[in-house]
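Peer 1: Next comes the sequence, and after it the predicted model I'd like to discuss.
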Protein chains: 2
Amino acid sequence: MATLTDVAKKANVSKMTVSRVINHPEQVRDELKELVYEAMRELNYRPNAAAKALANKRTQIIKLLILEEMDTTEPYYMFLLTGIANELDKYAYSLQLLTRNNVQIGDSDGFIVCGMRREDETLIKSLDKPVVLFGQNEMGTDFIDSNNEESMAKATKYAIEKGYEKIVYLGIAIDEPFSHSREKGYIKVMNDYGKKPCIYNLKNRSRYSAAFIKENWGKFSENTLFLCASDRLGLGVVREIKEQNGIIPEDYGVIGHDGVFLDQIAYPHLTTLKQSITEMGAACARMVLKKVNEEGKAQGNQLFETELKRGGTTR
Amino acid sequence: MATLTDVAKKANVSKMTVSRVINHPEQVRDELKELVYEAMRELNYRPNAAAKALANKRTQIIKLLILEEMDTTEPYYMFLLTGIANELDKYAYSLQLLTRNNVQIGDSDGFIVCGMRREDETLIKSLDKPVVLFGQNEMGTDFIDSNNEESMAKATKYAIEKGYEKIVYLGIAIDEPFSHSREKGYIKVMNDYGKKPCIYNLKNRSRYSAAFIKENWGKFSENTLFLCASDRLGLGVVREIKEQNGIIPEDYGVIGHDGVFLDQIAYPHLTTLKQSITEMGAACARMVLKKVNEEGKAQGNQLFETELKRGGTTR
DNA sequence: AATTGCTGTGTTATCGGTAACAGGATAACA
DNA sequence: TGTTATCCTGTTACCGATAACACAGCAATT
């Protein structure tokens, strides 16, 4: 592997100049810069992350803290991880994965945290390096998330326009901002259309949504659409509607949320709101690196739109 | 953060001695070792991975190369990743994730490769650092995998003992060793019991197994068990049996394979062969690090037993 | 007592970068 | 022309570890 020194020799400059070309190009004459770039190209120079880390008193490591139990977690995270990892790679950063079981921090330049719940606030506040959250929150920490409210608003509108008479919202029974936002989007559009919201909150398991449909089957006239806060809930709803011999999508519609894997497990495939998880992962990585470079300066939030992906569960 | 030098001062030795205590303890007098250990404890010394990496001409990075498409992949990999990451952490190693899209290698000390197919042989042979495969193979590369043959043998035996008359094997139509091994385990036990194997190979998608059941429904008398090479296939089978009003588990049984997430999505839950993915991940990490320390010396293979996890799809 | 060998420890140089400082060249000004 | 400021580039020291070598102390050998 070529080093700074090799490049410097080839370009007939000192290695400090090469280092400057990389880190403070504005301090170097254009002429020299060209020479250096050329030498780097010819030698296929790749900076040594360890040396850089040592000199900068950095680690070139970002820790990803996953606070959710993975048994109950959707495949979801693989996409997030890929997004993060690919982006980190570009800056010679690498990733360390932490779960609740091994939070024995080693050392890192920053954190990305996901699956956070309210009670984790103290844990997160205790981290002494820049933090970016994946998932909206109200503690003022920078975050990346889907635009949950807008997402559900869009779905509600879609359902109404498809002519479903009654739109029932099945939310996730958890007191977290993302959940409230989704509900809010639904309510807003229902009000706009002069329809009465109808909301039930359930644990995020398909058996609960299935059980719910079973118990309340009598209540739901034909031409009802179940708008679910997760594909998992959607899955249970579809299962039980079929069990009850309801006809999908003519008499009953189902829309899920997330669009990661589970929507494709359902039969027919769920109409769902697909999140751009991989892009969001990349955004998390970029944001945390930026924060690292700016001594932890707040970066604000970033919301991603979801895409309504039509499956076989809506007209 | 305390450094080697800090520890050395505290223990009244040179930093070289401290380094030796860590890396070649047999070269240091017990007396001094005690002093050093004590100092390390008091200062809560953690070695600086970057410095170590630089001095050793290592990177302290292992790359995980995932060759499968993740859209079609089971959540599976999150568990693997956790296992790998936790283990690497212990040795101040971190992880970089590569997919087919970004194999532009940076630099690393070794590779763990998974989702490999035959045609990837050249790619893998081209890697210039120690490699461990997750998944059995015939190219002589060290690997970790479940004991696929034994796993299916165990399931077949179980099905027979539960009194299912006919055991139909639904394999994954792919010319890879893991697939052949699973089939082999089935055949072996069927022969042992004097039963005639009945094998179909399908693409690993639930809609194909569902379609298969639908088309062939007439052929399957009651008291048949479908032994599936994946939970995904199992899922489709369960779905279609219910569609045909077959009764599970009394008249028809289903056993899947993998035990990661999908088995719990089915209703009723699939009886499945649960793999110890996280442990296997840790084993991959250990093996690749060992290989790194032994200049790439071959490490052989390591097979993990699966656990038969009873769900509602067998008697 | 002198030589040899073995242990165990310290010294030095090095890994590949970067910050801080030093100093030469040129332009701007008195 | 001499002084000062500005711009660029090079030199030096250092980040925190490790390998290679040097060497002191002691036991075994002659």
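Peer 2: Happy to help now that I have it.
Peer 1: Show me what from the stretch 1-150 of chain A comes close to DNA strand D.
Peer 2: The interface of the stretch 1-150 of chain A toward DNA strand D, taken as Cβ under 7 Å from any atom of the strand, is made up of A:12-17, A:20, A:27-29, A:31-32, A:51, A:54-55, A:57. Glycine gets a C-beta too; all of them are placed from N, C-alpha and C.
Peer 1: let's go with 6 Å and repeat that
Peer 2: Taking Cβ under 6 Å from any atom of the strand as the criterion, the stretch 1-150 of chain A approaches DNA strand D at residues A:V13, A:S14, A:M16, A:T17, A:Q27, A:V28, A:R29, A:L32, A:L54, A:A55, A:K57.
Peer 1: Can you tell me which of those are buried?
Peer 2: Among those, the ones that count as buried by 16 or more other Cβ atoms under 10 Å in any protein chain shown are A:V13, A:T17, A:V28, A:L32, A:L54.
Peer 1: out of these, what pair is the most spread apart?
Peer 2: Of all pairs drawn from these, the one with the largest separation by Cβ to Cβ is A:L32 and A:L54; the distance is 26.1 Å.
Peer 1: about what we covered before: could you dump the residues of the stretch 1-150 of chain A next to DNA strand D to CSV with pLDDT and secondary structure?
Peer 2: Rendered in CSV, the data for those read as follows (pLDDT from 0 to 100; DSSP: H, G, I helix; E, B strand; the rest coil):
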residue, pLDDT, secondary structure
A:V13, 93, coil
A:S14, 93, coil
A:M16, 94, helix
A:T17, 94, helix
A:Q27, 91, helix
A:V28, 89, coil
A:R29, 91, coil
A:L32, 89, helix
A:L54, 95, helix
A:A55, 95, helix
A:K57, 93, coil
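Peer 1: out of those residues, which touch DNA strand C?
Peer 2: Of the entries in these, those that also sit close to DNA strand C under the rule Cβ under 6 Å from any atom of the strand are A:M16, A:L54, A:A55.
Peer 1: between these, which is nearest B:T122?
Peer 2: Comparing every one of those with B:T122 (Cβ to Cβ), the shortest separation belongs to A:L54, at 36.0 Å.
Peer 1: thinking that closest one is in contact with B:A55, fair?
Peer 2: No. Under the criterion of Cβ atoms under 8 Å, A:L54 is not in contact with B:A55, lying 9.3 Å apart.
Peer 1: what touches both of these two?
Peer 2: Residues touching both A:L54 and B:A55 by Cβ atoms under 8 Å, 6 or more residues apart in numbering or on different chains: none at all.
Peer 1: How far off centre is the host helix or strand of A:I84?
Peer 2: Of the helices and strands defined by DSSP states H and E, A:I84 is found in helix A:77-90. When C-alpha coordinates are averaged (Cα atoms, centre = their mean, to the nearest Å), helix A:77-90 and its chain have centres 11 Å apart.
Peer 1: counting contacts, what elements does it pack onto?
Peer 2: Where contact means 3 or more Cβ pairs under 8 Å, 6 or more residues apart in numbering or on different chains; DSSP states H and E, helix A:77-90 is packed against strand A:61-66, strand A:94-99, strand A:110-114, helix A:277-293, helix B:77-90, strand B:94-99.
Peer 1: residues contacting A:A282?
Peer 2: Going by Cβ under 8 Å, 6+ apart, the list of residues near A:A282 reads A:G83, A:I84, A:N86, A:E87.
Peer 1: Go again with 10 Å.
Peer 2: The neighbours of A:A282, taking Cβ atoms under 10 Å, 6 or more residues apart in numbering or on different chains as the test, are A:L80, A:T82, A:G83, A:I84, A:A85, A:N86, A:E87, A:L88, A:K90, A:I144, A:S276.
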